[in-house]
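S.K.: here are the coordinates; sequence isn't available:
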C-alpha cells in the first residue's frame, strides 16, 4: 500500500513538473521577438502553421488580396494607419512605407503582429498578419484583415466619396 501511494505521488509530481515546463516554454516563446520586416523588398512569408495571412505571395495558401487604393499614396497610407488603430491595433513603427502594429487578444492577452507595406508602383498596400504563438489562430488573422479592409474602404470613401 505504501509503495502504491509513493507511485501515485511520483506520477502527480511528474505531471506538475511537465505542466510547469510546458507553460514555461509557452511563456518564454510569447516573450520572444517575432520575425518582422521585409526580405528582398517584400514582407516575410508566413510560417507553415495556419496562423498567418499575407498578400505578398500569391502562390502560398495563406494568400489574400492586398488593399487597393487610388489617389495619392501618402493619403492612402494615412488612411490605412487610421484603419489599423480604428480596429484596435497599436502602431509600434511607421516610417511612411512600412508599418508594424500589435494587436492584443482580450482574454489571454496574446500578441499578434500586423505589417503593412506601401506599394506605390501598383497602388497597393500589402499586408501580413500573424500570431506570435500557437499553431492555429482559428481564423483570427483573416478576420482581422477583413475588418481592416472594410475599415480602410469605409475611411477611403469618407475622405474621397467620388472613389
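M.R.: Perfect, thanks for sending it. Quantities reported herein were computed from a predicted structural model and do not represent experimental measurements.

S.K.: for this protein, which spans come out with low pLDDT?
M.R.: The model of the chain has pLDDT under 70 over residues 13-14, 17-33, 159-163.

S.K.: just the strands in it please.
M.R.: Shown for the chain, the strands assigned by DSSP state E span residues 38-39, 42-43, 52-54, 67-68, 90-94, 98-104, 111-119, 124-131.

S.K.: and the ones you listed as CSV, adding mean neighbour count and distance to residue 150?
M.R.: Where you see a C-beta, it was placed from the backbone N, CA and C, and this is true even at glycine. Converted to CSV, these look like this (neighbours: other CB atoms under 10 Å; distance: least, CB to CB, whole Å):
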stretch, mean neighbour count, distance to residue 150
strand 38-39, 12, 26
strand 42-43, 18, 21
strand 52-54, 23, 15
strand 67-68, 19, 11
strand 90-94, 13, 19
strand 98-104, 18, 16
strand 111-119, 22, 15
strand 124-131, 24, 14
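
S.K.: need these in a markdown table (columns: distance to residue 12).
M.R.: A markdown table is the format used below for the strands of the chain (distance: least, CB to CB, whole Å):
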| stretch | distance to residue 12 |
| --- | --- |
| strand 38-39 | 48 |
| strand 42-43 | 47 |
| strand 52-54 | 38 |
| strand 67-68 | 53 |
| strand 90-94 | 42 |
| strand 98-104 | 35 |
| strand 111-119 | 33 |
| strand 124-131 | 33 |
